[in-house]
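In: could you look at this predicted model? Sequence included:
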Amino acid sequence: MIAEWLRRGTIRAYRRRGFERETAVLILKSALAATLAYVVAYLMGESTQIGFAPFTALLIVQPSVYGSMLQSGRYVAAVFVGALLAGLTGLTVGPEVWAFALVVLVALVVGQSRFFGGQGTQIPVVAAFALAGGTATNAEDLGSLLLMVCVGAASALLVNLALAPAIRFRDAENAVLDFADGLRSLTEEMAVGLRQGEEGLDLDHWTRAADGFDGTMRNALESVYRQKDRFRWNPRRLLSRREISVEQLENYRDWIYALSRASRHVQSLVRTLRTTFRSSSRLPAPDEAFLKEFAPLLERASEVFGTVHDSEEPDHQAVSEDLRGLVRAALDEVDAERERMSQVWSSEHWPVYSALLTDVARLLEEVCEGQEYTGGSQDR
């Protein structure tokens, strides 16, 4: 069973980019870094603390060069602090139980500093290991430990630089476009259902789909941040034939936030429909005529999201005039419908209808205005 799982994972990693390939590359880099660290330590004639070299290399290797450098600096700093605490105690007081407890306690407190990040736990680990193993009572052994840590860190950084990941802004762009396409698909489906009246409502499915956009946003942002880490300190930038700017990633991030805010209004719209159609609701449910009149407005919203996807709007530094015109026309339809409904529908229904119209108007506005006035856009 395990062999079959490995075989399938290997095939997927070979055929296409994705989680399997990135995992395979990380495994390869870790193995190379640990082996390089061991060989260098062996050639240096190290024997007592040689294990720290490959151990450090395995802890520091990261998918990106930036991540590896960040973890390397934090890990080496944490080890030096832990070794310093252990050395000060071991070389003066010796391996006393009360001294061991005091050093570990201090190391645990120091390790809480945000400076060390997730590597803060290494401070008490190194301090306890050095004291319990007797390394802290011998200055030469303590120096050897620190030297092996540096060898391991250098080996990991060298391998990460040699096998630096490709800079693929297209992955981040696709995450944004998939978000827009998901919104297009749901609003189009809702418009089709509303045209059929109450029989066309699929509120359970619409609720699940709308709530799923929270996960879509997180995954899209993770894709952007992953590419941003790959971009930082990546030597491949020097070899690229075209100019690469991190500002494009900021633009993708801005679009994700704008689409996320638009998705909140889709969620609100679905919740309003779901609430009013419950038998226990104090608010009247929209009637058949309203649902059919409301459907075209969602079609306009679907067209807007479709334009964002098809025209690859996230690649532009500013919203295109075509998209602006489409949004303005859709908002004019919403205003006209609001004016007409205020004259036709009763005051009993108006709070619900007004809320639905407001959600549509706001999700349309977010597509243009929300993208432009996010923090990253203001800086450009």
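Out: Noted; the coordinates are in hand.
In: for the stretch 51-200 of the chain, which residues score under the pLDDT cut-off?
Out: For the stretch 51-200 of the chain, residues meeting the criterion pLDDT under 70 lie at 165-169.
In: now with 90?
Out: 51-52, 59-73, 88-99, 114-119, 129-145, 157-158, 160-176, 178, 197-200 (pLDDT under 90).
In: elements contacting whichever helix or strand Glu339 is part of?
Out: Element membership of Glu339, judged by DSSP states H and E, is helix 321-344. Applying 3 or more C-beta pairs under 8 Å, 6 or more residues apart in numbering; DSSP states H and E, we find helix 321-344 packed against helix 288-310, helix 350-365. Bear in mind the C-beta positions are built from the backbone N, C-alpha and C, glycine included.
In: dump the longest one to PDB, keeping only the CA atoms.
Out: Extracted in PDB, the C-alpha atoms of helix 288-310 (Å, rounded to 0.1, in the frame of the first residue of the first chain):
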ATOM      1  CA  GLU A 288     -41.900  35.000  -7.300                       C
ATOM      2  CA  ALA A 289     -42.100  38.300  -9.200                       C
ATOM      3  CA  PHE A 290     -39.300  39.900  -7.300                       C
ATOM      4  CA  LEU A 291     -37.000  36.900  -7.600                       C
ATOM      5  CA  LYS A 292     -37.400  37.000 -11.400                       C
ATOM      6  CA  GLU A 293     -36.700  40.700 -11.500                       C
ATOM      7  CA  PHE A 294     -33.700  40.300  -9.200                       C
ATOM      8  CA  ALA A 295     -32.100  37.600 -11.400                       C
ATOM      9  CA  PRO A 296     -30.800  40.000 -14.100                       C
ATOM     10  CA  LEU A 297     -28.800  42.000 -11.500                       C
ATOM     11  CA  LEU A 298     -27.000  38.800 -10.500                       C
ATOM     12  CA  GLU A 299     -26.300  38.100 -14.200                       C
ATOM     13  CA  ARG A 300     -24.600  41.500 -14.400                       C
ATOM     14  CA  ALA A 301     -22.500  40.600 -11.400                       C
ATOM     15  CA  SER A 302     -21.600  37.300 -13.000                       C
ATOM     16  CA  GLU A 303     -20.600  39.200 -16.200                       C
ATOM     17  CA  VAL A 304     -18.300  41.500 -14.100                       C
ATOM     18  CA  PHE A 305     -16.600  38.600 -12.400                       C
ATOM     19  CA  GLY A 306     -16.300  36.900 -15.800                       C
ATOM     20  CA  THR A 307     -14.600  40.000 -17.200                       C
ATOM     21  CA  VAL A 308     -12.100  40.100 -14.400                       C
ATOM     22  CA  HIS A 309     -11.200  36.500 -15.200                       C
ATOM     23  CA  ASP A 310     -11.300  36.600 -19.000                       C
END
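In: who does that helix touch, helix- and strand-wise?
Out: Counting by 3+ C-beta pairs under 8 Å, 6+ apart, the packing neighbours recorded for helix 288-310 are helix 169-195, helix 247-276, helix 321-344, helix 350-365.
In: domain assignment for this protein?
Out: 2-162, 169-379 (automatic domain parsing).
In: turn those domains into JSON lines, including mean neighbour count.
Out: Converted to JSON lines, the domains of the chain look like this (neighbours: other C-beta atoms under 10 Å):
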{"stretch": "domain 2-162", "mean neighbour count": "18"}
{"stretch": "domain 169-379", "mean neighbour count": "17"}
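In: picking that back up, can I get the helices and strands packed on helix 321-344 in CSV with distance to Gly94 and mean pLDDT?
Out: Shown next, in CSV, are the helices and strands packed on helix 321-344 (distance: least, C-beta to C-beta, whole Å; pLDDT from 0 to 100):
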stretch, distance to Gly94, mean pLDDT
helix 288-310, 69, 91
helix 350-365, 70, 89
